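Student: What would the 3D arrangement of this be:
(one chain, ligands or ions: 2)
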Amino acid sequence: MALMLVVADDSAVSARIATIVRRLGHEASLASSCGDALEQAAARSVSVVLLSVELPDGNGLELLPQLRRNYPCPEIIIMTRAVSGDEAEQAITSGAWDYIEHPSTKDTLTLTLTRALQYQEEKRNLGVPIALKRERIVGSSAAIRESLDLVAQAAGCQANVLISGETGTGKELYAAAIHENSTRAAGNFVVVDCSALPASIVESVLFGHEKGAYTGADRSHEGLAAQAHRGTLFLDEVGELPRNVQNSFLRVVQERRYRPVGASREVNSDFRLIAATNRDLDAMAERGEFRADLLYRLRTIILPLPPLRQHKEDIKALALHYVAKTCEQYGLEMKGFVPEFFNVLAAYDWPGNVRELSQALERSVASAGSRPLLFPKDLPTDIRARLARASADTLHPPQISDAESTEDPARELPPLDVARATAIAAAEQEYLRELLADTAGDMVRACAVSGLSRSRLYSLLKKHRIPRPGSPRR
Ligand SMILES: Nc1ncnc2c1ncn2[C@@H]1O[C@H](COP(=O)(O)OP(=O)(O)OP(=O)(O)O)[C@@H](O)[C@H]1O
Ligand SMILES: [Mg+2]
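Tutor: Ligands and ions are numbered 1, 2, ... in the order given. Here you go, the predicted structure:
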């Protein structure tokens, strides 16, 4: 028996729905306001919420994302007196199961409820296998557990998976977790960084080539698709895949067959496909930059990764994990923290997500050297400066200033190798920013000026989280 929460201001509507729910053999609980609904959803394991848009203390559409943050995440059916296009779209993009007008017929309600419940039941039956290997994925927030549920679901089948998320949210980490937990774990996990593949050789890199296929091909070469046979092929930054390769890739995705460059016969490779992107592929498909039919095939399962600012409750665990790792790397004792250190971490928005957090912590450990405690002052200046500016802008007393007053007066120098690595990273970063400014984002000129290969330049930009200019691809 599942629990359904009916959230409506009108008691006649609630009573009618509750009767239908009970006739279906399920339990109905009633809430008449946003506050009441949130409280009940947090306290009990709700399967489906029937949510009115019009509520005395707010709007159901605004409540929807908050309700979906509960774990297990309920399915939400929005009810309104008059359906408006904008509202319907907002409901669906916020993750609603469906959008219905009320009063609606008994049959419509019964069918919508039954389907939502069936979906929930199947999702829960799949569950997270107890043995899900997730050592490298830190965090226990509802957002992370929701992502892990999808990892488990993906690991248990062979469907194509599309992982989306901002930079640094762990797309590669989660792709590897799906592979490691799947029946293909003994095979290779082959990473293809589509943004670093020169368009001229991308087919040969992916599909391999025969000896003599082109000038310089003095022996045949197995492509990455072949290396992923019985394993997983991870297409990172799939939005960067050149248009001509998208065309040939569509067939590969459908049939797992392709022709190596210069070969007369097609070959088979039994790989599982996971793709990742931080771009809006739907928008790209609308603009004709990404094949819509390829997109549909890539996203049989969609795994959207939350930005760190949406699961700040994990920051402390992540900080402990990364500080311990860095200390071990440098042969230092584990550091302690003054409480303000975590306040500052929690106040910042982390546009570069977990990668930015881990790098900031590494720099904090370097800054502390052999000092046993980490202070806010140990965090990178740019982060503290941005926070200070944000606090000043909103006229709130900057938390960071309080924290700074506890700075350790006896700050010591970091070891030389740490100081050297930090200085090199800072110089690299500054150079790259100047390079992009001087060459107005023209990547061909930037490579010529810097003497870097395109793939090296891209990987340095990625390392320092410098956004690539939106220059047209050549
Ligand atoms: N939940 C997590 N727990 C521990 N480490 C994490 C978590 N999420 C991300 N990371 C770490 O953050 C860093 C960035 O992760 P990853 O490279 O997978 O991100 P990404 O989404 O692929 O970023 P990009 O789009 O820039 O390539 C890695 O070091 C990864 O191990
Ligand atoms: Mg990545």
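Student: going forward, measure contacts between C-alpha atoms and count neighbours the same way
Tutor: OK.
Student: so where's the chain uncertain?
Tutor: Regions of the chain meeting the criterion pLDDT under 70 cover residues 69, 71, 123-131, 391-415, 417-418, 469-474.
Student: now do 50
Tutor: The model of the chain has pLDDT under 50 over residues 130, 395-411, 471-474.
Student: can you list the domains in this structure?
Tutor: Under the assignment automatic domain parsing, the domains of the chain span 3-126, 142-306, 318-346+358-413, 420-463.
Student: Which residues of the stretch 201-350 of the chain lie near ligand 1?
Tutor: Asn278 (Cα under 6 Å from any ligand atom).
Student: Just want the residue of the stretch 201-350 of the chain that's nearest ligand 1.
Tutor: Residue of the stretch 201-350 of the chain nearest ligand 1, by Cα to the nearest ligand atom: Asn278 (5.8 Å).
Student: Next: the chain.
Tutor: Across the chain, the shortest distance to ligand 1 (Cα to the nearest ligand atom) belongs to Gly170, at 3.1 Å.
Student: looking at it, that residue is touching Ser358, isn't it?
Tutor: No. Gly170 lies out of contact with Ser358 (Cα atoms under 8 Å); the separation is 11.8 Å.
Student: got a list of contacts for the strand or helix carrying Ile302?
Tutor: Under the criterion of DSSP states H and E, Ile302 resides in strand 301-304. For strand 301-304, the surrounding residues in contact (Cα atoms under 8 Å, 6 or more residues apart in numbering) are Ser147, Leu150, Val151, Ala154, Ala159, Asn160, Val161, Leu162, Ile163, Ser164, Gly165.
Student: so can I have CSV of those showing neighbour count, distance to Ala319 and secondary structure?
Tutor: Formatted as CSV, the contacts of strand 301-304 follow (neighbours: other Cα atoms under 10 Å; distance: Cα to Cα, whole Å; DSSP: H, G, I helix; E, B strand; the rest coil):
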residue, neighbour count, distance to Ala319, secondary structure
Ser147, 17, 20, helix
Leu150, 23, 25, helix
Val151, 25, 23, helix
Ala154, 24, 28, helix
Ala159, 17, 34, coil
Asn160, 19, 33, coil
Val161, 25, 29, strand
Leu162, 26, 28, strand
Ile163, 24, 24, strand
Ser164, 22, 24, strand
Gly165, 19, 21, coil
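Student: out of those residues, who's nearest Leu113?
Tutor: Leu150 (22.7 Å; Cα to Cα).
Student: what's across from the spatially closest residue to the closest one that is not a sequence neighbour in the sheet?
Tutor: Nearest residue to Leu150, sequence neighbours excluded (Cα to Cα, 6 or more residues apart in numbering): Leu303, at 6.5 Å. Judged by DSSP bridges, the bridge partners of Leu303 are Ile163.
Student: can you count the residues close to Leu303?
Tutor: 23 (other Cα atoms under 10 Å).
Student: The stretch 101-250 of the chain: strands as residue ranges?
Tutor: Along the stretch 101-250 of the chain, counting by DSSP state E, counting those that start in this stretch, strands occupy 161-164, 189-193, 232-236.
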